[in-house]
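Enquirer: Predicted model, plus sequence, below.
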There are 2 protein chains.
Amino acid sequence: MPLTPVAVVAEAAALADEKGLESVTLSAVARRLGVRTPSLYTHVRDHAALLDGISTLALTDLTARIAQAVAGRSGREALEGIMGAYRSFARDAPGRWQALQRRTGPDVAGSDAARSLVALTDAVLHGYDLPPGERVHATRLLGSTVNGYLTLERVGSFDHSEPPPDVSWGRTIDALDTLLRAWPASAPKEN
Amino acid sequence: MPLTPVAVVAEAAALADEKGLESVTLSAVARRLGVRTPSLYTHVRDHAALLDGISTLALTDLTARIAQAVAGRSGREALEGIMGAYRSFARDAPGRWQALQRRTGPDVAGSDAARSLVALTDAVLHGYDLPPGERVHATRLLGSTVNGYLTLERVGSFDHSEPPPDVSWGRTIDALDTLLRAWPASAPKEN
DNA sequence: GTCTAAAACTAATGGGTATAGGATCAAGAT
DNA sequence: ATCTTGATCCTATACCCATTAGTTTTAGAC
């Protein structure tokens, strides 16, 4: 079974999930594939390209999960679906998740998967009654919160206070649901 | 002027801010200090400890900024203060900011600076009328959102859609302010 | 069977982390 | 004044990783 770019990236992603993205080195991947390091250069340009490959794969996987999770749902159910998909992805594939917190090459950010992810988020927001110009902001807020929550959880920021993160996770969904129903008009409130 | 642990970490942090945390290597730091690499081992245990040192420094700096920014303010003003402090910190000291997105050694997470940061956030929430048990969740939500927003901004997730991030930033503050005033009770809303 | 192109290999360079052990130098003891 | 001692920086070395160059292997086309 010959090596292919896809196989190399897949093995790298598996390694990332097992040992963390830091330990994704070309030599470690080569070892896993039973091959000498330089052989990989036939399939990937360099180390950065390999990481970008993992990012793209991650984005694709994540988007697929989200698509599953929001299919046929709307409103709060859809919100729960998308948030749950993010979290389970970050749990199941921590290395890939890490790969999404990097600044990547332009091909990743401009990829179909990236566009789909935005579109899916946007679709979830359709279930809430937001002014047209506000959906972008809500999309960004949603993405930010999920992203930040999972990062803080991963780095252990919640480990030193009660209650356990799971509780806050539920409350976060509640809060976002409430917020999307009470989205502020452009004029901010007085103090 | 002899080297000290503090001086080494400070130089490493400066390098991180200039070139990114990835380029903080012991040899690069040694070069900058006009010293041979092994000399640094007198002052820092290893590479990981150096990074932890940057994280601690970052946390201290950030906390100091926040303390400044929320002093004498409450409610929305305090919210704007703390969020602004986060963002300006992430702008001015991108390398240190990056250092806060890593899983660190236990001394960092349990440090005084970490406790202060939580206390300051908690103080900001005092200006809003939350049920006592809910403040933890709100603290975590606030932290998550700020963190996530700045990460997404840094990795360029907002580069491929309009409007520019600054606009969404203001709307994010509006949204959080609204949310904190309309914080949901523990029973979630119906769909 | 032979040819050829892809894909793997060996060899080598340069930079990084880390340890071991030696030189230097300042400060206090004698 | 000199000796001792401990801290700090040094050289030397071993090993790992990324990357390139050049060679060999291999498998399918003919």
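Expert: All right, it came through fine.

Enquirer: Which stretches in chain A count as helices?
Expert: Assigned by DSSP state H, chain A shows helices spanning A:5-19, A:26-33, A:47-70, A:75-92, A:94-99, A:106-109, A:112-126, A:135-155, A:165-181.

Enquirer: what's the distance between the shortest one and the middle of its chain?
Expert: Which is helix A:106-109. Taking the mean of its C-alpha atoms, helix A:106-109 sits 14 Å from the chain's own mean (C-alpha atoms, centre = their mean, to the nearest Å).

Enquirer: buried ones in it?
Expert: Of the residues in helix A:106-109, A:108, A:109 count as buried by neighbour count, 16 or more other C-beta atoms under 10 Å in any protein chain shown. C-beta: built from backbone N, CA, C; applies to glycine.

Enquirer: what does the last one give?
Expert: When burial is assessed from 16+ other C-beta under 10 Å, helix A:165-181 yields the following buried residues: A:165, A:168-169, A:171-180.

Enquirer: how about the residues of chain A near DNA strand C?
Expert: Proximity of chain A to DNA strand C (C-beta under 7 Å from any atom of the strand) is limited to residues A:2, A:3, A:35, A:36, A:38, A:39, A:42, A:43.

Enquirer: In chain A, what helix or strand scores lowest on average pLDDT?
Expert: helix A:106-109 (a mean of 84; mean pLDDT, DSSP states H and E).

Enquirer: Remind me what it packs against, helices and strands.
Expert: Judged by 3 or more C-beta pairs under 8 Å, 6 or more residues apart in numbering or on different chains; DSSP states H and E, helix A:106-109 is in contact with helix A:47-70.

Enquirer: And the helix it packs on, what does it pack against?
Expert: Judged by 3+ C-beta pairs under 8 Å, 6+ apart, the packing partners of helix A:47-70 are helix A:5-19, helix A:26-33, helix A:75-92, helix A:94-99, helix A:106-109, helix A:112-126.

Enquirer: Quick check: the farthest pair among the residues of chain A next to DNA strand C?
Expert: With C-beta to C-beta as the measure, no two of the residues of chain A next to DNA strand C lie farther apart than A:2 and A:38, at 15.9 Å.

Enquirer: if you count what's nearby, which of these two comes out ahead?
Expert: A side-by-side neighbour count of residue A:2 and residue A:38, using other C-beta atoms under 10 Å in any protein chain shown, places residue A:38 first with 10 against 6.

Enquirer: give me the number of residues near the closest residue to residue A:39 other than its chain neighbours?
Expert: Distances taken as C-beta to C-beta, 6 or more residues apart in numbering or on different chains put residue A:30 closest to residue A:39, at 6.6 Å, once the chain neighbours are dropped. When neighbours are defined as other C-beta under 10 Å, residue A:30 has 18 of them.

Enquirer: pLDDT wise, what is residue A:128 at?
Expert: Residue A:128 carries a pLDDT value of 93.

Enquirer: I'd say it and residue A:178 touch.
Expert: No: contact between residue A:128 and residue A:178 fails when scored by C-beta atoms under 8 Å: they sit 10.7 Å apart.

Enquirer: Which part of chain A gets nearest to chain B, residue-wise?
Expert: Per C-beta to the nearest C-beta, the residue of chain A with the smallest distance to chain B is residue A:148, at 2.7 Å.

Enquirer: ok, back up a step: just the CA trace of the least confident helix or strand of chain A, in CSV.
Expert: Extracted C-alpha coordinates of helix A:106-109, given in CSV (Å, rounded to 0.1, in the frame of the first residue of the first chain):
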residue,chain,number,x,y,z
PRO,A,106,-4.6,30.9,2.9
ASP,A,107,-5.9,27.7,1.3
VAL,A,108,-7.2,26.5,4.6
ALA,A,109,-9.0,29.7,5.5
